[in-house]
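# just a sequence and a predicted model for now, questions to come.
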Amino acid sequence: MSETTIAPASNDDGDDQVEEHPPPQSRWSWRRITPPTAPQVLLAGALLIWTWYFSVRSLDIHHAVGTATYDSAVYDQGMWLLSRFEAPFVTLMGRNLFGDHTSFVLLFLVPLYWLVPGAWIMFTAQSAAIAAGAIPVFLYARRRLGSEWWALIGAGTYLLHPAVGWTNLENFHPDAFLGVFVGFAIYAALERKWRLYAVFVVLSLLVKEDVSLVIVPLGLWVAVRRDRRIGLLTVFGSLAFMAVAMFVVMRSLIGVPTRNTWRIPFGGVRGLIDTAVTNPGQLVDHLRSDGRPWYLVQMTAPFAWLFARLPDVAMISALVLFTNILSTFWYQYQIDYHYSLIAVPALAIGTVYAIGELRDRSVALRGQTFVVPVKLVALWLLATATLVTATLWAPMPWGRTSLFYGDPDNARAVAGRELFEQIPDDAVVAANYRLTPHLAYRTEIYQFPVPFRAVLYGPNGIVDGPRIPARAERVEY
């Protein structure tokens, strides 16, 4: 056995595995530090390259005036205001940053604005957080599959998933942190590391008010497969947090618990239930329309559907995927947008979980017995599916998708920078949605034609409202 091989578990999910540990040492010693293995070095290098590549691409797009008010400038202005110890009332959208979404995870980035404020904070943090989501997949796979080399395939499947890459290039979203937070929560649950589990469940909930869509199924899995008390605490705790986030925090800031009820088909929750009961065929037709089944294919094909062998871990993502295809909002059932990232950790770790169940089989052929390495075949199938789908659908340099590499020296960007230099830092500005990300560090800035006409503005997102006189009169540029 090589130094990078770990003994596999003895049953279907590692419950009965007994690990031997050296006797505890009373004093910390350098001898306890082992040098990294070759697979660990390769993984670290891959994560650094990923972070560098997508950070550079994101910043090039940004400096080429390729980012927008939504969803770049709104977060940048909100965190900049917080760094100045001001209320994060984002004038670009006319509501409090935490009234739009309870993304308290953004508070961890605020101290960086004290040092060197800039868009690099958002885009580098986003790339690093997304890349780090491969770590829990690797950690679980090396134990479940019995080899760190094989674990690299699982980590690569996560990194090369189309939804992961596209999320990295879709402006900035706090949802980027869910790749690593949800991944570690699932890993900790599988390994019964309950303190680690608690930390990452809480961190996941701090990302957004609706993260319970994946934390509740995770809690149910824990209750059934691991620890009933911890699982139920997870379920009710996450539901309670969501209720407070929506009905206390968001309602107090914008007057309603959520602005997204319009995404529920058939007129809302009541209409959806009524349709499901009285006319289920209409609901089925809705779920089959507008390419929604193809979205499910694209989300699951990178895993070669191997998770179906033992699907319960992968099913932690089922509620998220269902709500995505149920939504009337087109973005939610496209792999190009951030709504899909939250489902990837469960699918990736669930695939490893299922492959770990496979055992070699003996096949008799013409009087001879052959051993079929089923697990190895499955891993090669997984690697092939990963590379093929990444080539077809992911924003990779070798891929077939049309990629946008921002040119910071294009004529529009150069002209924009010349204009920005003439605008005082404390001026009140109304600007085109492509220019606001470069002017966001001020207490008052509006996306034109706001405030001369209220469009996508205010607590409820006014679509076509009247002039806002007091604010319009203050605009200088």
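Nice, I can see it.
# mind listing what Arg288 touches?
Arg288 makes contact with no residue under the criterion C-beta atoms under 8 Å, 6 or more residues apart in numbering. Heads up, the C-betas are built off the backbone N, CA and C, glycines and all.
# same check on His438?
Applying C-beta under 8 Å, 6+ apart, we find His438 in contact with 65, 416-417, 420.
# distance of it from Val65?
For His438, the distance to Val65 under the criterion C-beta to C-beta, to the nearest Å works out to 7 Å.
# same thing with Ala427?
Summarising the geometry, the distance separating Ala427 from Val65, computed by C-beta to C-beta, is 19 Å.
# pick out whichever of these two has more residues nearby.
Between Ala427 and Val65, counting by other C-beta atoms under 10 Å, Val65 is the more crowded of the two (21 against 15).
# surely that one meets Tyr433?
No. Here Val65 lies out of contact with Tyr433, judged by C-beta atoms under 8 Å, at a distance of 10.0 Å.
# quick one: the host helix or strand of Ala189 to chain centroid distance?
Counting by DSSP states H and E, the secondary-structure element that holds Ala189 is helix 178-190. Averaging C-alpha positions (C-alpha atoms, centre = their mean, to the nearest Å) puts helix 178-190 12 Å from its chain's average.
# following that helix, which helix or strand comes up?
Taking DSSP H and E as the definition, the helix or strand right after helix 178-190 is helix 194-205.
# buried stuff in that following helix?
Within helix 194-205, the residues that qualify as buried are 196-198, 200-201, 203-205, counting by 16 or more other C-beta atoms under 10 Å.
# check stretch 37-52 too.
Of the residues in stretch 37-52, those buried by neighbour count under the rule 16+ other C-beta under 10 Å are 37, 39-40, 42-43, 46-47, 50-51.
# quick one: that stretch to chain centroid distance?
A distance of 20 Å separates the centroid of the chain from that of stretch 37-52, by C-alpha atoms, centre = their mean.
# how far is the longest helix seen in the chain from where the chain is centred?
With DSSP state H setting the assignment, residue counts place helix 38-63 as the longest helix in the chain. Averaging C-alpha positions (C-alpha atoms, centre = their mean) puts helix 38-63 16 Å from its chain's average.
# could you do stretch 97-117 as well?
17 Å.
# what of stretch 87-95?
Mean C-alpha position of stretch 87-95 versus that of the full chain (C-alpha atoms, centre = their mean) differs by 24 Å.
# could I get the contacting residues of the residue nearest to Arg309 when sequence neighbours are not counted?
If the residues on either side of it in the chain are set aside, Arg309 comes closest to Ala354, at 4.1 Å by C-beta to C-beta, 6 or more residues apart in numbering. For Ala354, the set of contacting residues under the criterion of C-beta under 8 Å, 6+ apart consists of 306-311, 313-314.
# whichever of these end up buried, select them in PyMOL.
Buried subset of those, written as a PyMOL selection, criterion 16+ other C-beta under 10 Å:
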select buried, resi 306+307+309+310+311+313+314
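# could you export the helix or strand hosting Tyr140 as PDB, CA atoms only?
According to DSSP H and E, Tyr140 maps onto helix 134-144. Extracted in PDB, the C-alpha atoms of helix 134-144 (Å, rounded to 0.1, in the frame of the first residue of the first chain):
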ATOM      1  CA  ALA A 134     -13.500  20.900  -4.000                       C
ATOM      2  CA  ILE A 135     -11.800  20.300  -0.600                       C
ATOM      3  CA  PRO A 136     -14.600  18.600   1.200                       C
ATOM      4  CA  VAL A 137     -15.300  16.400  -1.800                       C
ATOM      5  CA  PHE A 138     -11.600  15.400  -1.800                       C
ATOM      6  CA  LEU A 139     -11.500  14.800   2.000                       C
ATOM      7  CA  TYR A 140     -14.500  12.500   1.900                       C
ATOM      8  CA  ALA A 141     -13.500  10.700  -1.300                       C
ATOM      9  CA  ARG A 142     -10.000   9.800  -0.100                       C
ATOM     10  CA  ARG A 143     -11.500   7.900   2.800                       C
ATOM     11  CA  ARG A 144     -14.600   6.600   1.000                       C
END
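# shaky segments in the stretch 251-400 of the chain?
Within the stretch 251-400 of the chain, the ranges that satisfy pLDDT under 70 run 362-367.
# do that again at 80, thanks
By pLDDT under 80, the low-scoring segments of the stretch 251-400 of the chain are 360-372.
# which residues of it fall in helices?
Per DSSP state H, counting those that start in this stretch, the stretch 251-400 of the chain carries helices over the ranges 251-254, 269-278, 280-288, 292-300, 318-326, 344-355, 374-393.
# out of these, deepest packed?
Most buried of the helices of the stretch 251-400 of the chain by mean neighbour count (mean count of other C-beta atoms under 10 Å) is helix 344-355; its value is a mean of 28.
# mind saving the C-alpha coords of it as PDB?
The C-alpha trace of helix 344-355 is given here as PDB (Å, rounded to 0.1, in the frame of the first residue of the first chain):
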ATOM      1  CA  VAL A 344     -23.500  20.700  -6.800                       C
ATOM      2  CA  PRO A 345     -21.900  19.800  -3.400                       C
ATOM      3  CA  ALA A 346     -24.600  17.200  -2.600                       C
ATOM      4  CA  LEU A 347     -24.400  15.800  -6.100                       C
ATOM      5  CA  ALA A 348     -20.600  15.600  -6.100                       C
ATOM      6  CA  ILE A 349     -20.300  14.000  -2.600                       C
ATOM      7  CA  GLY A 350     -23.300  11.900  -3.200                       C
ATOM      8  CA  THR A 351     -21.600  10.400  -6.300                       C
ATOM      9  CA  VAL A 352     -18.500   9.500  -4.300                       C
ATOM     10  CA  TYR A 353     -20.800   8.100  -1.600                       C
ATOM     11  CA  ALA A 354     -22.500   5.800  -4.200                       C
ATOM     12  CA  ILE A 355     -19.200   4.800  -5.900                       C
END
